[in-house]
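*Asks:* got a predicted structure here, sequence first:
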Amino acid sequence: MLEKLFPAAPDPILSLSCTFKKDPRPQKMDLGIGVYKDHLGHTPIMKAVKLAQEELALRETSKVYLGLGGNEGFNHAITELLLKGTAAESRSATIQTPGGTGALRLIGELISLAKPNGCIWMSAPSYVNHKPIMEAAGLKVQFYPYFNEKTMQVDVNPMLSALSKASKNDIVLLHGCCHNPTGADLRLSHWEGITELAQKKGFIPFVDIAYQGLGKGLENDAQGVRLLANSLDEIFIATSYSKNFGLYRERVGAAIVVGKNIKEAENAKGCISQLARTTYTMPPNHGAAIVETILSSSSLKKQWHDELNEMRERIFCLRHLLTQALAFRFNDERFHFIQDHTGMFSMLGLSPFQVEALKAQFGIYLLGDSRINIAGLTEDSIDYFADAIKILVK
Ligand code: LMR
């Protein structure tokens, strides 16, 4: 039977990391997968996480099963982190998931359950895994224009005009902050435009927020999702703690459903729990327990805030240094957009040929659409990267 299977296509992000690891060149640079790195190019465990782990090791007395919702203390704490101060908090239900991907898939399946063959709109471009996940969940994918390759910013009018064709109960996937892959984020006025359109057309926003705190700060990064949650009857949220707590391999995420009322939201949570039961029963506790421990202790929370701010400021500083290094080499402002983007990523507007040449000639790894992970740069490697760009770009 197994001979009938086709070989799986390599994942564009994870396979790049494997090729990078095998590259023997000492000057190689990994600007592919979205992980935060310090000035030594190392992805450290945050101090707040280390302390929470120590506390947990002493406090935990049992490894008995949790319920299908996972760690309910975590669910409560992260709902507050995201929706604090919104009226929507009291009509929302949250379920812990294995990573943000788990949340995306389960919400996708929930939507399919409520509306078989439903349509989901996503930005062109979007995170490479969005389309495969939503198609695997049984949804039809459509794209709306998002990124203007001339200005390297959000193209809001074409976006709103495409979304005005969305039907009632179509789903519109949005990036809460730190747009992946472009780095170009929606402004508050854009979120207001989307909210008004959703009210008029009846489409339902689905916000993927995987980088809260790494764009413009914890509160600022949540302003779009809070506006939608406050203004609309129903929204879906997939959230991840891989990046802002550095818990990548622990796979910590959550699915949040905001409903017209708490009864409908809880009912949706029950349906998601059932979907989880037939997939993996319940999520692993360790990463969620770390997040809960940090968010429920004022000293650990402060420690985490400080470290997160440091990470965000470092990314901002690297953006600035790269923009300056390129302006110096090109003697113009063509790469100025890097400084205006937010979060871990920027799409540079290079051709697939240039991306390939960066890898082959210089050992610089980035995604095929020319997305770079800004946090993969170091103060020492920026000049090498800028020199390589100058050689390849006329
Ligand atoms: C990325 O976009 O690089 C990350 O979100 C890693 C992943 O799982 O794709």
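*Replies:* Now that the structure is in, tell me what you want to look at.

*Asks:* just the pLDDT for the spatially closest residue to residue 372 that is not a sequence neighbour.
*Replies:* Using C-beta to C-beta, 6 or more residues apart in numbering and skipping residues adjacent in sequence, the residue nearest residue 372 is residue 31, 4.2 Å away. Any C-beta I mention is one placed from the backbone N, CA and C, and that applies to glycine too. As predicted, residue 31 sits at a pLDDT of 97.

*Asks:* which secondary structure element contains the nearest residue in space to residue 250 that is not next to it in sequence?
*Replies:* Nearest residue to residue 250, sequence neighbours excluded (C-beta to C-beta, 6+ apart): residue 287, at 2.9 Å. Element membership for residue 287 (DSSP states H and E) is helix 286-295.

*Asks:* residue 268 now?
*Replies:* Going by DSSP H and E, residue 268 is part of helix 262-277.

*Asks:* for that helix, C-alpha coordinates in CSV please.
*Replies:* Extracted in CSV, the C-alpha atoms of helix 262-277 (Å, rounded to 0.1, in the frame of the first residue of the first chain):
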residue,chain,number,x,y,z
ILE,A,262,-21.2,33.5,26.1
LYS,A,263,-23.5,30.6,25.5
GLU,A,264,-22.6,30.5,21.8
ALA,A,265,-18.9,31.0,22.4
GLU,A,266,-18.9,28.1,25.0
ASN,A,267,-20.8,26.0,22.5
ALA,A,268,-18.1,26.6,19.9
LYS,A,269,-15.4,25.8,22.4
GLY,A,270,-17.2,22.5,23.1
CYS,A,271,-17.2,21.7,19.3
ILE,A,272,-13.4,22.6,19.1
SER,A,273,-12.8,20.3,22.2
GLN,A,274,-14.6,17.5,20.3
LEU,A,275,-12.4,18.1,17.2
ALA,A,276,-9.3,18.0,19.5
ARG,A,277,-10.6,14.8,21.2
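
*Asks:* is it true that the residue nearest to residue 250 touches residue 248?
*Replies:* No: judged on C-beta atoms under 8 Å, residue 287 makes no contact with residue 248 at a distance of 9.3 Å.

*Asks:* these two: who's more crowded?
*Replies:* Shown here are residue 287 and residue 248; by other C-beta atoms under 10 Å, residue 287 has more neighbours (25 against 18).

*Asks:* in contact with the more buried one, which residues?
*Replies:* Applying C-beta atoms under 8 Å, 6 or more residues apart in numbering, we find residue 287 in contact with 241, 245, 247, 250, 251, 252.

*Asks:* ranges for the strands of this structure?
*Replies:* All strands of the chain, identified by DSSP state E, fall at 29-30, 92-98, 119-124, 140-145, 147-148, 153-154, 171-175, 204-209, 235-240, 252-258, 345-347, 364-365, 371-373.

*Asks:* which strands or helices does the second one pack on?
*Replies:* Read that as strand 92-98. Contacts defined by 3 or more C-beta pairs under 8 Å, 6 or more residues apart in numbering; DSSP states H and E place strand 92-98 against helix 72-83, helix 99-114, strand 252-258, helix 262-277.

*Asks:* between it and helix 286-295, how big is the angle?
*Replies:* Interaxial angle of strand 92-98 relative to helix 286-295 (axes from the mean of the first three to the mean of the last three C-alpha atoms, to 10 degrees): 130 degrees.

*Asks:* just the pLDDT at whichever residue of the stretch 151-300 of the chain sits closest to the ligand, thanks.
*Replies:* Residue nearest to the ligand within the stretch 151-300 of the chain: residue 180 (5.2 Å; C-beta to the nearest ligand atom). Per-residue pLDDT puts residue 180 at 98.
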